[in-house]
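Engineer: no letters, just coordinates:
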């Protein structure tokens, strides 16, 4: 075996094959090294592309969010307001429905209904026989939570039969007959309703000067069962407005909101919220139009003037809002460049590790330039700082090629301030001029002194 091995080693063919094998291994190692360098460049390009794509995606996302968020928030707010109004309306309907059901119980007083049907029953006799009937109906049909303050029974001719008033005191006083002062107690509205063909229950109100608050009024007509076209009387029930204000408070979520209830051709029943001086004028005009039986509009000159003032006020609020948004964007502009600075610093560090000094220097220079140019704390800068910024932007090579670039700044100029944007534009123009000059000098060095 040893003799055979020595023969192979001395064989020229074997030596040639071995040398070729060594060459192939060396070429493979060289190709691996070359492929490694190309791979690092490719990775760097991929990393840079990813960073650019991420920044672009963030910009697109921010723009789309700005366009869609305001409309989405407005629609959600409007939908929420509509749902709140529907819920408030359902609660008010539920309460008034219960009040109507309890007032209908007066039909269970057969002696009273029979007497009202009898045309021979005089008003004096009705008062003598049923002077406590209002108390019986008020105390027996209603609960404490209904806040019933007074109840009246009338004939079809608006003659009082019986009156019930709860806890009469000098500060809690109610009329014995609502027609004793028709204007104060808004009794004419009741008269118009009773004499009309309206069959639904009336909801009205008046301002009680003793209690210094609004009183809600429910009026229900009484009909002859055998002849439903014939009215035999009506019931008037006055309740504390707290039953409605408690409902309104649940849905009056902001101080700027103002809600009031008002029937057609009638005064406002109850309200909740606060009004500014301008809003109060608009409210009074609209309320007067509703009370006059007209559809609320802004056609009158006074109302148009009030709305013009309101429009100017709204524009001022919008301007203040835009100012706040501008301040927010300015703050955001101070935060967002930090991501750019970090990206450029990262690129500079990667380039330095990969032994690419040109890319590292360029990235670091760009980072310094952006830090100075995008500084929003002070829009003005001194001339001395602008010259330093210009020297960094122009680069040391330009100063070496052209001694006129750079130099010291006179003391009389150094402290003067100028707009950062103006100085930046001048620096860019000067930088382009220096770049052209440097390029010309480089071309001159390449072509010869004569050129």
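Structural biologist: Perfect, thanks for sending it. The model shown is predicted, which means the values in this text are computed figures rather than measured ones. Residues are numbered from 1 along each chain as shown.

Engineer: after the lengthiest helix in the chain comes which helix or strand?
Structural biologist: Ranked by residue count and defined by DSSP state H, the top helix of the chain is helix 12-104. Downstream of helix 12-104, the next assigned helix or strand under DSSP states H and E is helix 110-117.

Engineer: tell me what that following helix is packed against?
Structural biologist: Judged by 3 or more CB pairs under 8 Å, 6 or more residues apart in numbering; DSSP states H and E, the packing partners of helix 110-117 are helix 123-129, strand 231-240. (C-beta placed from N, C-alpha, C; glycine too.)

Engineer: by how many degrees do the longest one and helix 12-104 diverge?
Structural biologist: Calculated by axes from the mean of the first three to the mean of the last three CA atoms, to 10 degrees, strand 231-240 forms an angle of 130 degrees with helix 12-104.

Engineer: what's the mean pLDDT across strand 231-240?
Structural biologist: On average, the pLDDT along strand 231-240 is 94.

Engineer: that one: partners in the sheet, and parallel or antiparallel?
Structural biologist: Using DSSP bridges, strand 231-240 pairs in its sheet with strand 148-155 (antiparallel), strand 213-223 (antiparallel).

Engineer: quick one, phi psi at the closest residue to residue 191 other than its chain neighbours?
Structural biologist: In this structure, residue 191 finds its nearest non-sequential neighbour in residue 158, 6.2 Å apart by CB to CB, 6 or more residues apart in numbering. Backbone torsions of residue 158, given as degrees, to the nearest 10, read phi 70, psi 30.

Engineer: follow-up on the earlier one: point out the other helices and strands that the longest helix of the chain packs with.
Structural biologist: Using 3+ CB pairs under 8 Å, 6+ apart: helix 12-104 touches strand 213-223, strand 231-240, helix 242-251, helix 301-353.

Engineer: spatially, what comes nearest to residue 349 if we skip its sequence neighbours?
Structural biologist: residue 360 (7.6 Å).

Engineer: what's the angle between whichever strand or helix holds that neighbour and helix 12-104?
Structural biologist: Residue 360 is located in helix 357-373, with elements delineated by DSSP H and E. Interaxial angle of helix 357-373 relative to helix 12-104 (the same axes, to 10 degrees): 20 degrees.

Engineer: elements contacting helix 357-373?
Structural biologist: Counting by 3+ CB pairs under 8 Å, 6+ apart, helix 357-373 packs on helix 301-353, helix 383-394.

Engineer: got the buried residues for it?
Structural biologist: Using 16 or more other CB atoms under 10 Å as the test for burial, helix 357-373 gives 359, 360, 362, 363, 364, 366, 367, 369, 372, 373.

Engineer: same deal with stretch 94-107?
Structural biologist: Quick answer for stretch 94-107 (16+ other CB under 10 Å): 95, 96, 99, 102, 103, 106.

Engineer: now, which of the residues you listed sits nearest residue 139?
Structural biologist: Residue 139 has its nearest neighbour among the buried residues of stretch 94-107 in residue 102, at 11.7 Å by CB to CB.

Engineer: wouldn't the closest one be in contact with residue 140 here?
Structural biologist: No. Counting by CB atoms under 8 Å, residue 140 is not a contact partner of residue 102; they are 9.5 Å apart.

Engineer: name the residues contacting each of the two.
Structural biologist: Listed contacts common to residue 102 and residue 140 are nil; contacts here mean CB atoms under 8 Å, 6 or more residues apart in numbering.

Engineer: can you tell me how far residue 382 sits from residue 67?
Structural biologist: Residue 382 is 40 Å from residue 67, where distance means CB to CB, to the nearest Å.

Engineer: looking only at neighbour counts, state which of these two leads.
Structural biologist: residue 382 (16 against 10; other CB atoms under 10 Å).

Engineer: residues in a beta bridge with the more buried one, which ones?
Structural biologist: Those that pair with residue 382 in a beta bridge, by DSSP bridges, are residue 417.

Engineer: which one of the buried residues of helix 357-373 sits closest to residue 75?
Structural biologist: residue 373 (40.1 Å).

Engineer: quick check: residue 189 touching residue 205?
Structural biologist: No. Between residue 189 and residue 205 there is no contact under CB under 8 Å: 9.1 Å.

Engineer: if I look at residue 167, how far off is residue 176?
Structural biologist: Taking CB to CB, one finds residue 167 at 15 Å from residue 176.

Engineer: gap between residue 246 and residue 92?
Structural biologist: Applying CB to CB to residue 246 and residue 92 gives a distance of 11 Å.

Engineer: can you check residue 61 too?
Structural biologist: When residue 61 is compared with residue 92 (using CB to CB), they lie 45 Å apart.

Engineer: so these two - more neighbours on which side?
Structural biologist: Each of residue 61 and residue 92 has its neighbours counted (other CB under 10 Å); residue 92 has more, 16 against 10.

Engineer: could you find the closest non-adjacent residue to that one?
Structural biologist: Counting by CB to CB, 6+ apart, the residue nearest residue 92 is residue 247, at 6.0 Å.

Engineer: contacts only, for that neighbour.
Structural biologist: Contacts of residue 247 (CB under 8 Å, 6+ apart): 88, 91, 92, 95.

Engineer: which non-adjacent residue is nearest the first one?
Structural biologist: By that I understand residue 88. Using CB to CB, 6+ apart, the closest residue to residue 88 is residue 251 (4.6 Å).

Engineer: burial measure for the one you found, as a count.
Structural biologist: 17.

Engineer: what number of residues lie near the residue nearest to residue 191?
Structural biologist: 16.

Engineer: next one: residue 50
Structural biologist: Quick note: residue 50 (other CB under 10 Å) scores 10 neighbours.

Engineer: residue 256: what's it in contact with?
Structural biologist: 273, 274.

Engineer: gap between it and residue 44?
Structural biologist: 57 Å.

Engineer: ok, residue 59 next?
Structural biologist: 23 Å.

Engineer: do the same with residue 122
Structural biologist: Look at residue 122 and residue 44: by CB to CB, they are 110 Å apart.

Engineer: those two: which is more packed in?
Structural biologist: It is residue 44, of residue 122 and residue 44, that has more neighbours when counted by other CB under 10 Å, with 16 against 12.

Engineer: quick one, what contacts the more buried one?
Structural biologist: Shown in contact with residue 44 (CB under 8 Å, 6+ apart): 350, 351, 354.

Engineer: give me the neighbour count for residue 89.
Structural biologist: 12.

Engineer: which pLDDT value goes with it?
Structural biologist: Reported pLDDT for residue 89: 88.

Engineer: on that earlier part again, as JSON lines, the helices and strands packed on helix 110-117 with distance to residue 211 and mean neighbour count would be great.
Structural biologist: Listed next are the helices and strands packed on helix 110-117 as JSON lines, based on distance: least, CB to CB, whole Å; neighbours: other CB atoms under 10 Å:
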{"stretch": "helix 123-129", "distance to residue 211": "27", "mean neighbour count": "14"}
{"stretch": "strand 231-240", "distance to residue 211": "8", "mean neighbour count": "22"}
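
Engineer: could I get those in CSV, plus columns for distance to residue 276?
Structural biologist: What follows is those, written out as CSV (distance: least, CB to CB, whole Å):
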stretch, distance to residue 276
helix 123-129, 51
strand 231-240, 28
